[in-house]
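Colleague: please work out how this folds:
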Amino acid sequence: MDTYNSQLSGMEVAKASRQFKENRVATMSIAPVGWGDGGGGTTREMTGKAARMASLEGAARVEWKHPDDFFDDAKAELPDPAVWVGELYLELHRGTLTSQHATKALHRWAEQALIEAELWAATAAVRRGTPYPHDELDRLWQLVLLHEFHDILPGTSIAWVHREAVEVLGGVLDDARGISDAARRALAGEGDRRIRFTPTSVGLGAGAVALGAAAVDASDAAATLTEEDGGFRLENELVSILVSAEGLITSAVDRASGRDAIPAGRPANLFQLHQDFPNMWDAWDIDRYYRNRVEDLTGVSSISASVEGGAAVVVVERAFSESRLTQTIVLQPGSRTVLLRNDIDWHETEKLLKLAFPLDVFARETLAETQFGFQRRATHVNTSWEAAKFETSMHRFVLAQEEDFGVALVNDSIYGYDTSREVEGDDVTTTVRLSLLRAPRFPDPETDHGSHEIEVGLVVGADAAIATAEGIRMNALPTEVRGADEVEPLVRVTGPGIVVSSVKLADDRSGDVIVRVYESLGRRTTGEVEVGFPHDGIREVTLIEDELDEPRTGGALNLRPFEVRTLRISRS
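Modeller: Below is the predicted model of the structure:
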């Protein structure tokens with residue numbers, strides 16, 4: 001019917017019958033009837049139309065049926081349906097990946113804060129016997145999920161909705177961090193040692209304990225900073241980065257291979273400002289022709305450099321149009337990721353802010369993270385389907401890669417990006433641009449006006465494993481507390497490509513521990529779950545912790561590409 005708000009009019013039913021492509025092998029299709037978009041559902045007028053069309057000569061027959069019954073009947077009629085392979089890309093509403101950054105950022109941060117709260121509260125419950133805050137965690141998760149309603153998370157609600165969402169999600173973030181802080185202090189105990197809690201199973205620093213805590217040893221390691229060509233060179237044992245006097249990255253060398261990630265004469269870390277005025281659906285859409293007008297933001301108000309706490313730091317200030325931004329470029333010792341911390345005071349109208357990274361990488365595709373894995377997308381525009389993907393989605397990273405060398409961009413709060421290929425002679429350059437902020441006027445005339453913090457990382461010499469680890473690490477940084485005790489993790493998971501997504505206590509309040517893992521690299525792998533507390537066994541359950549008829553048991557993991565596995569560990 002081409003609508004999710006069907007009124008069951010004769011015209012709609014006729015259109016459904018006319019467009020029914022499986023009519024030679026099946027006899028039924030489903031009509032999404034009622035006022036949607038959070039509205040009033042099905043009305044008496046609609047039920048009256050359905051009654052009149054139950055057996056109307058010349059028209060398709062209409063009947064009410066439970067969705068489960070419909071899908072059972074449809075499967076019986078079409079036991080071997082065609083299967084689409086690849087992305088179900090909506091060629092519309094691309095602006096929803098970027099509009100209302102504050103709402104999106106707080107969702108990302110609140111989700112991660114709750115995952116950490118579950119981890120540390122579960123660890124404290126098992127290790128110290130502290131009460132697990134079931135009711136409080138449920139309350140906070142329900143608030144987050146409520147605000148993932150389809151016009152809030154996409155940034156397409158009226159102004160007061162987003163003001164309220166920011167306020168509520170900010171409260172969720174504070175409360176979740178409070179739960180984590182209390183649990184960490186209970187675990188560390190009283191003392192004056194620096195205890196570092198690591199909430200992830202990948203992207204670990206030296207001396208870190210995955211999903212546990214260890215004392216921090218003092219380190220003399222430091223990145224170096226020198227002046228060069230009017231700008232600054234930042235170096236550590238892994239990478240060498242040249243920042244120009246305009247605050248642009250003109251070179252990013254992977255010291256192991258000698259490869260420079262930045263093509264000559266094509267600086268990266270370039271802010272670009274576009275006119276952004278879609279034909280329809282202001283907050284929803286980005287139209288292709290926005291690229292016709294672009295301003296490169298190379299003007300610098302000030303630039304300074306220093307070494308702080310072992311890190312090489314360059315601070316760049318820019319003013320443009322009605323807005324200002326301060327970017328802090330940071331290279332830590334032992335890291336192949338250049339951090340770009342952007343504080344933006346945004347006051348634009350109908351504009352789109354991009355951050356461009358031309359890369360000296362012959363990438364036939366990009367790998368963009370989605371939940372529990374990544375999506376591959378071609379960088380070419382050979383077909384209309386590929387050309388339509390001029391703005392696409394990612395979560396924590398996007399990776400452009402050749403066979404033996406790649407560059408990733410990781411982030412803490414954004415979702416939209418675009419990719420293009422430029423050919424000059426024998427050279428092919430892949431440009432990845434991150435979408436930072438928009439400024440639509442409808443339905444909120446001051447969308448995104450105000451201050452924003454957006455952190456991006458340029459990962460030099462990356463593959464899918466490194467990109468995954470660096471993306472997770474940027475969103476789940478270690479936390480230090482003063483205490484006495486190190487903390488052994490509840491579980492250790494080994495195996496290439498296996499990521500621990502969450503650790504929590506079972507929702508049924510039995511005290512059992514739930515561990516969710518997934519294969520992150522798109523290939524088969526094996527591993528092992530080692531349990532660090534007395535238990536009566538490990539068995540697989542569903543994503544919502546229901547029992548399976550024939551569950552796999554034990555700690556051995558044999559995962560298919562991107563497989564998600566939820567394990568229940570019964571405490572003894």
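
Colleague: tell me, how many residues neighbour E391?
Modeller: 22 (other C-beta atoms under 10 Å). Every residue, glycine included, has its C-beta placed from N, CA and C.

Colleague: which residue sits closest to it, ignoring its sequence neighbours?
Modeller: Among residues not flanking E391 along the chain, R94 sits closest, at 3.9 Å (C-beta to C-beta, 6 or more residues apart in numbering).

Colleague: which secondary structure element is home to the most centrally placed residue in the chain?
Modeller: Nearest residue to the geometric centre of the chain (C-alpha atoms, centre = their mean): H395, 2.3 Å. Element membership for H395, per DSSP states H and E: none, as it lies in no helix or strand.

Colleague: list the contacts for it?
Modeller: A368, E369, T370, Q371, Y415, G471 (C-beta atoms under 8 Å, 6 or more residues apart in numbering).

Colleague: ok, of those, which come out buried?
Modeller: A368, E369, Y415, G471 (16 or more other C-beta atoms under 10 Å).

Colleague: for R336, grab phi and psi.
Modeller: Backbone dihedrals for R336, given as degrees, to the nearest 10, come out at phi -100, psi 10.

Colleague: in helices, which of the buried ones among the contacts of H395 appear?
Modeller: Residues of the buried ones among the contacts of H395 located in helices (DSSP state H): G471.

Colleague: run the chain-centre distance for stretch 546-561.
Modeller: 27 Å (C-alpha atoms, centre = their mean, to the nearest Å).

Colleague: what about I179, which helix or strand?
Modeller: helix 159-188.

Colleague: and the host helix or strand of R139, what does it pack against?
Modeller: For R139, the host element (DSSP H and E) is helix 134-146. On a contact count with 3 or more C-beta pairs under 8 Å, 6 or more residues apart in numbering; DSSP states H and E, helix 134-146 meets helix 101-128, helix 159-188.

Colleague: which of those helices sits most buried?
Modeller: Of all the helices and strands packed on helix 134-146, helix 101-128 has the most neighbours on average by mean count of other C-beta atoms under 10 Å, namely a mean of 22.

Colleague: give me the mean pLDDT for it.
Modeller: Averaged over helix 101-128, pLDDT sits at 98.

Colleague: and for stretch 464-474?
Modeller: Taken as a whole, stretch 464-474 has a mean pLDDT of 98.

Colleague: show me the shaky parts of this structure.
Modeller: 37-39 (pLDDT under 70).

Colleague: next, the closest residue to L225 other than its chain neighbours: secondary structure please.
Modeller: Spatial nearest neighbour of L225, chain neighbours left out: A312 (4.1 Å); criterion: C-beta to C-beta, 6+ apart. Three-state assignment for A312 (DSSP: H, G, I helix; E, B strand; the rest coil): strand.

Colleague: burial count for A312?
Modeller: The number of residues packed near A312 is 26, by other C-beta under 10 Å.

Colleague: try D220
Modeller: For D220, using other C-beta under 10 Å, the count is 6.

Colleague: a strand runs through it, doesn't it?
Modeller: No: looking at D220 with three-state DSSP, it is coil, so not inside a strand.

Colleague: what's the spacing between the residue lying closest to it once chain neighbours are set aside and A223?
Modeller: Excluding the flanking residues, the one nearest D220 by C-beta to C-beta, 6+ apart is G310, at 7.9 Å. Here G310 is placed at a distance of 7 Å from A223 (C-beta to C-beta, to the nearest Å).

Colleague: joint contacts of the two?
Modeller: Overlap of the contact sets of G310 and A223 (by C-beta under 8 Å, 6+ apart) consists of Q332, P333.

Colleague: rewinding a little: save the contacts of H395 as CSV, and put in distance to Y518 too.
Modeller: Formatted as CSV, those follow (distance: C-beta to C-beta, whole Å):
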residue, distance to Y518
A368, 16
E369, 12
T370, 11
Q371, 9
Y415, 20
G471, 14
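
Colleague: nearest to S244 among those?
Modeller: Distance to S244 across the contacts of H395 (C-beta to C-beta) is lowest for G471, with 26.9 Å.

Colleague: ok, the closest one touching M394?
Modeller: No: between G471 and M394 there is no contact under C-beta atoms under 8 Å: 9.1 Å.

Colleague: find residues that contact each of these two.
Modeller: Common neighbours of G471 and M394, counting by C-beta under 8 Å, 6+ apart, are E369, N411.

Colleague: how about the helices and strands packed on helix 134-146, which one is nearest D287?
Modeller: Set against D287 and scored by C-beta to C-beta, those come closest in helix 101-128, at 19.9 Å.

Colleague: which strands or helices does the closest one pack on?
Modeller: Secondary-structure packing of helix 101-128 (3+ C-beta pairs under 8 Å, 6+ apart): helix 134-146, helix 159-188, strand 450-460, strand 498-505.

Colleague: what comes into contact with the last one?
Modeller: This means strand 498-505. Counting by C-beta under 8 Å, 6+ apart, 115, 118-119, 121-123, 125, 132, 134, 200-202, 210-211, 372, 468, 472, 490-491, 493, 511-520, 525, 527, 557, 559, 564 sit against strand 498-505.

Colleague: try it again at 7 Å.
Modeller: Residues outside strand 498-505 that contact it (C-beta atoms under 7 Å, 6 or more residues apart in numbering): 115, 118-119, 122, 125, 132, 201-202, 211, 468, 490-491, 493, 511, 513-520, 525, 527, 557, 559.

Colleague: so of these, which ones are in strands?
Modeller: Among the contacts of strand 498-505, the ones falling in strands (DSSP state E) are 491, 493, 513-519, 525, 527, 557, 559.

Colleague: can I get the residues you listed in TSV with distance to A186 and neighbour count?
Modeller: Formatted as TSV, the ones in strands among the contacts of strand 498-505 follow (distance: C-beta to C-beta, whole Å; neighbours: other C-beta atoms under 10 Å):
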residue	distance to A186	neighbour count
V491	19	24
V493	24	21
V513	17	24
I514	20	18
V515	21	22
R516	24	19
V517	26	25
Y518	29	18
E519	33	25
T525	35	17
G527	30	18
L557	30	21
L559	34	20
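
Colleague: between the buried ones among the contacts of H395, which is closest to E148?
Modeller: Taking C-beta to C-beta as the measure, E148 lies nearest Y415 of these, at 13.2 Å.

Colleague: surely D448 is in contact with P440?
Modeller: No: here D448 does not reach P440: they are 8.6 Å apart, not a contact under C-beta atoms under 7 Å.

Colleague: about what we covered before: closest one of the contacts of H395 to I303?
Modeller: G471 (28.2 Å).
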